[in-house]
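>>> below is the sequence, then the predicted model.
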Amino acid sequence: MFEQVSTSENGELVINVGPQHPATHGVLHLLITLNGETVTKLEPNLGYIHRSIEKMCESLSYRQFIYTTSRMDYLSSHINNHACALTVESALQIEIPERAEYIRVIMSELTRMASHQLWWGAMAMDLGALSPFFYAFRERESINDIMEETCGARLTMNYFVPGGVMYDLHPNFVAKVKEFIVFFKSKIDEYDELLTGNIIFQNRMKNIGIISKEDAISYGCTGPTARGSGVSCDIRKIYPYSIYQKLDFDEVIEHGCDSFSRYQVRMKEMRQSLKIIEQLIDNIPKGEFQAKTKAVLKLPKGEFYTRVETARGELGVYIVSEGGTSPYRIKFRSPGFSNLSALEHMVKGHKIGDLVAIMGTLDLVIPDIDR
Amino acid sequence: MDVKITPPSEPFPGTVHPTDGGGVLVSSLDEVINWARSNSLWPLVFGTSCCAIEMMSTAAAKYDFSRFGFEVARATPRQADVIIIAGTIVNKMAPVLKRLFDQMPDPKYVIAMGACATSGGPFFYNTYSVVKGADHIIPVDVYVAGCPPRPEALLHALITLQEKIKSGLTRDQIRGEMKAHGN
Amino acid sequence: MGTEELIQSIQSMFPDASINMGNNFPELVIEKDSLLSVLNQLKSEPTLAFDYLFCETCVDWKSHLTMVYHLDSTRFRHNLVIKTNLDAQAPEIESACHLYRTAELHEREIFDLFGVKFLNHPHLRRILLTDDWKGHPLRKDYDDPINMIKL
């Protein structure tokens, strides 16, 4: 373990933030070198929730390993499961029914909204505003209720399986989602009224945590973090999977490169998700919700890679198969891991108080980073 | 509006003997202390993974654990009475958890929330870095099943802990009694 | 540029290396000593512009290790996988973090879990496990009878 506070050779102060700290929401440990109040160096120390998921998956079958991924980035668990299911399906060339595709996309977008809601509440809490947390969780509960009816769980669903989805939709699903769309539209406006225009909030966000387009690409940033710097990186648009190419939605890109741009991207993404769900909810096709698959799945020998867009950015699932019932090697390219590597670049030269605000806009989920 | 006031389920321990100009209350000091203690438990927020989100849900508007006196969630161990271990504990985190527990003032209580904190849960087999249950590191008072548990389950755990405290003895008192009896 | 064209132009750039189409992306197999020059050319060549390293990992094949680099071009949106084999006993390779900053953390992770030594890496240390951890867990020969309960 590290000493709590130490001084480096040239009189700079080295302090530890985390792993147990009110501002890191998670178990992230940062070693920060300070000159006065200005951050001169920042080094992440990970692994406080490294659960060896990649090693575990090497002994799990292709049906079983999906459950570990819902615990990786638990805020977008449906999308993680989607990535795994897509990898297995593409390797085995399973055609999945259209009904399942529709259900998957609706679920994914609901998850994305729930994740952004939580981010919005938690980030405001980082800045010292407690009310948004309660606002965000109030709306999040209605998404949780919808999920629970159909998937049977509130957070770690494991609802997507190779070949489709596990159960059919609950009879109330369509009505409830429609109700939610109407309800949530007014709530996003409320979010904007409550926080976005606030002058104190804007002063803490604008021109803070700058990362240029070139740096964002070089650091491998994805998701809203990169799109706030003008990088087009929405996998749903550039390498469309599932039925995303049929849908009408915009890739949200902001060019401010600062914390406020990243904030704006996520706020606008919630509206885009609503737009996607609106297009789908009335025309869910009838039919099967799961394709017929073999009881034991064996992937052919080879390597398979799938990229999907989670709420935090690009998730890659890389499976090396030797032809057996479980992967020979599996690698999850998690969005948070790369986004975190850009944190030092963003924070350098800012005051330590801004560190928390910048970290909030990256939307880090630590189990996703550590895996 | 018709407002109904329900009496508290656990009234103040002791009996009141009415006298002129007020009353005399007879109770034992231990009971009063335990009663006070159980109704104001301040949790230490120790969320490592998925269960932390359900813990946040429990704190938020719909479930609202402040109804039972838990609202003052603290991030520092020095101001906390009960540590809610919400999430997996890995080998690298274990010394941190031990240190946090040591830094909490007595009396202190521990709730292991979810399958990971109880036994390693889904990460029990074939993992090289997961501690198979938080009770390998610190003593646990209440275990909550689920992956992750619903907010109602956490509320139930918190109320169970209150009952445990009201019932009388703290862990140290039990240990002291055992020593006194030569065990 | 279509995938066929991409494969041809890369083959003409590196006549010694072998390139073929994998399940998802074209795969280029190179010698480990030529890694930096290959990456440099792929990044600076204006018709290719592979400026985004989206995944870097390692696979343990018992007899040898294979480093796998997944490259993407944010301008042209084409992908390429680069593979290079390393010795299992003393794996060593040049670090790519001066070309792609994202490689810094990825390489620390690979060093931690596979024990691959990256030359000229600014601070190669364990990142996920504690500093005194013995062995590299994602190697196939890793065994930990105390912590690992086998099923």
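Received, thanks.
>>> now the strands for the chain?
Since no chain was named, I'll use chain A. In chain A, the strands defined using DSSP state E lie at A:5-7, A:13-17, A:29-35, A:38-45, A:160-161, A:164-165, A:302-309, A:314-321, A:329-333.
>>> was after chain C, sorry
For chain C, the strands defined by DSSP E cover C:18-21, C:26-30, C:52-60, C:64-72, C:79-87, C:92-94, C:117-119.
>>> partner residues bridging the closest residue to A:Leu299 other than its chain neighbours?
Nearest residue to A:Leu299, sequence neighbours excluded (C-beta to C-beta, 6 or more residues apart in numbering or on different chains): A:Ser321, at 4.0 Å. The way it works is simple: take the backbone N, C-alpha and C, and place the C-beta from them, glycine included. According to DSSP bridges, the partner residues bridging A:Ser321 are A:Gly302.
>>> so how far is B:Met93 from A:Ser321?
Using C-beta to C-beta, to the nearest Å, one gets 33 Å for the distance from A:Ser321 to B:Met93.
>>> circling back to that earlier point, the residue nearest to A:Leu299 and A:Ile94: what is the separation?
Distance check for A:Ser321 against A:Ile94: by C-beta to C-beta, it reads 15 Å.
>>> looking at these two, which one has more neighbours?
A:Ser321 (23 against 18; other C-beta atoms under 10 Å in any protein chain shown).
>>> contacting residues for that one?
Residues in contact with A:Ser321 (C-beta atoms under 8 Å, 6 or more residues apart in numbering or on different chains) are A:91, A:299-304, A:327-328.
>>> the residue nearest to A:Ser338 when sequence neighbours are not counted: neighbour count?
Closest residue to A:Ser338 apart from its sequence neighbours, by C-beta to C-beta, 6+ apart: A:Gly220 at 3.6 Å. Neighbour count of A:Gly220, defined by other C-beta under 10 Å: 30.
>>> contacting residues around A:Gly220?
Taking C-beta under 8 Å, 6+ apart, we find A:Gly220 in contact with A:338, A:341, C:52-54, C:100-102.
>>> compute the distance between the residue of chain B most remote from its centre and A:Thr225, please.
Note on chain B: the largest C-alpha distance from the chain mean falls to B:Asp20, namely 41.0 Å (C-alpha atoms, centre = their mean). Using C-beta to C-beta, B:Asp20 is found at 73 Å from A:Thr225.
>>> contact partners of the top helix by length along chain B?
In chain B, assigned by DSSP state H, the helix with the most residues is helix B:151-166. Residues from elsewhere that reach helix B:151-166 (C-beta under 8 Å, 6+ apart): B:10, B:13, B:34-35, B:37-39, B:41, B:54-55, B:57-58, B:62-63, B:65, B:68, B:70, B:82, B:84, B:109, B:111, B:113, B:141-146, B:149.
>>> buried ones among those residues?
Listed as buried from the contacts of helix B:151-166 are B:13, B:34-35, B:37-38, B:41, B:54-55, B:57-58, B:63, B:65, B:68, B:70, B:82, B:84, B:109, B:111, B:113, B:141-144, B:146, B:149; burial here means 16 or more other C-beta atoms under 10 Å in any protein chain shown.
>>> contacting chain C as well, which ones from the residues you listed?
Among the buried ones among the contacts of helix B:151-166, no residue is within reach of chain C (C-beta under 8 Å from any C-beta of the partner chain).
>>> just give the closest residue to the residue most central in space within chain B, not the sequence neighbours.
Central residue of chain B (C-alpha atoms, centre = their mean): B:Val82, 4.5 Å from the mean position. Distances taken as C-beta to C-beta, 6+ apart place B:Tyr109 nearest to B:Val82, at 4.3 Å, with adjacent residues excluded.
>>> tell me the contacts of that neighbour?
By C-beta under 8 Å, 6+ apart, B:Tyr109 lies in contact with B:41, B:81-83, B:141-142, B:161, B:164-165.
>>> out of the residues you listed, the closest to chain A would be?
Nearest to chain A among the contacts of B:Tyr109: B:Ile83, at 10.3 Å, using C-beta to the nearest C-beta.
>>> low-confidence regions, the chain specifically.
I'll assume chain A. Along chain A, segments meeting pLDDT under 70 span A:1-9, A:22-25.
>>> helices and strands around the top helix by length along it, which ones?
The helix spanning the most residues in chain A, taking DSSP H as the definition, is helix A:98-126. Applying 3 or more C-beta pairs under 8 Å, 6 or more residues apart in numbering or on different chains; DSSP states H and E, we find helix A:98-126 packed against helix A:77-92, helix A:131-151, strand A:164-165, helix A:173-191, helix A:259-281, helix A:352-362.
>>> now for the ones you listed, which one comes closest to B:Ser27?
helix A:131-151 (37.9 Å; C-beta to C-beta).
>>> before we move on, back to that, Throw the contacts of B:Tyr109 into a markdown table and include distance to A:Ser273 and pLDDT, thanks.
Formatted as a markdown table, these follow (distance: C-beta to C-beta, whole Å; pLDDT from 0 to 100):
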| residue | distance to A:Ser273 | pLDDT |
| --- | --- | --- |
| B:Leu41 | 39 | 85 |
| B:Asp81 | 41 | 86 |
| B:Val82 | 38 | 89 |
| B:Ile83 | 37 | 89 |
| B:Asp141 | 42 | 86 |
| B:Val142 | 38 | 87 |
| B:Leu161 | 39 | 85 |
| B:Lys164 | 44 | 80 |
| B:Ile165 | 45 | 80 |
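>>> I figured B:Ala75 hits B:Gly47, correct?
No: using C-beta atoms under 8 Å, B:Ala75 is not in contact with B:Gly47, being 10.0 Å away.
>>> who has more neighbours out of the two?
Taking other C-beta under 10 Å, B:Ala75 and B:Gly47 do not tie; B:Gly47 has more neighbours (22 against 16).
>>> show me the contacts for the nearest residue to that one once chain neighbours are set aside.
Spatial nearest neighbour of B:Gly47, chain neighbours left out: B:Ala86 (4.4 Å); criterion: C-beta to C-beta, 6+ apart. Shown in contact with B:Ala86 (C-beta under 8 Å, 6+ apart): B:46-49, B:51-52, B:54-55, B:113-114, B:117, B:148.
>>> which of the strands of chain C is buried the deepest?
strand C:52-60 (a mean of 23; mean count of other C-beta atoms under 10 Å in any protein chain shown).
>>> just want the angle from that one to strand A:314-321.
With axes from the mean of the first three to the mean of the last three C-alpha atoms, to 10 degrees applied, the angle from strand C:52-60 to strand A:314-321 works out at 30 degrees.
>>> how about the residues of the stretch 1-150 of chain A that lie near chain C?
A:44-47, A:50, A:52, A:54-55, A:59, A:90-91.
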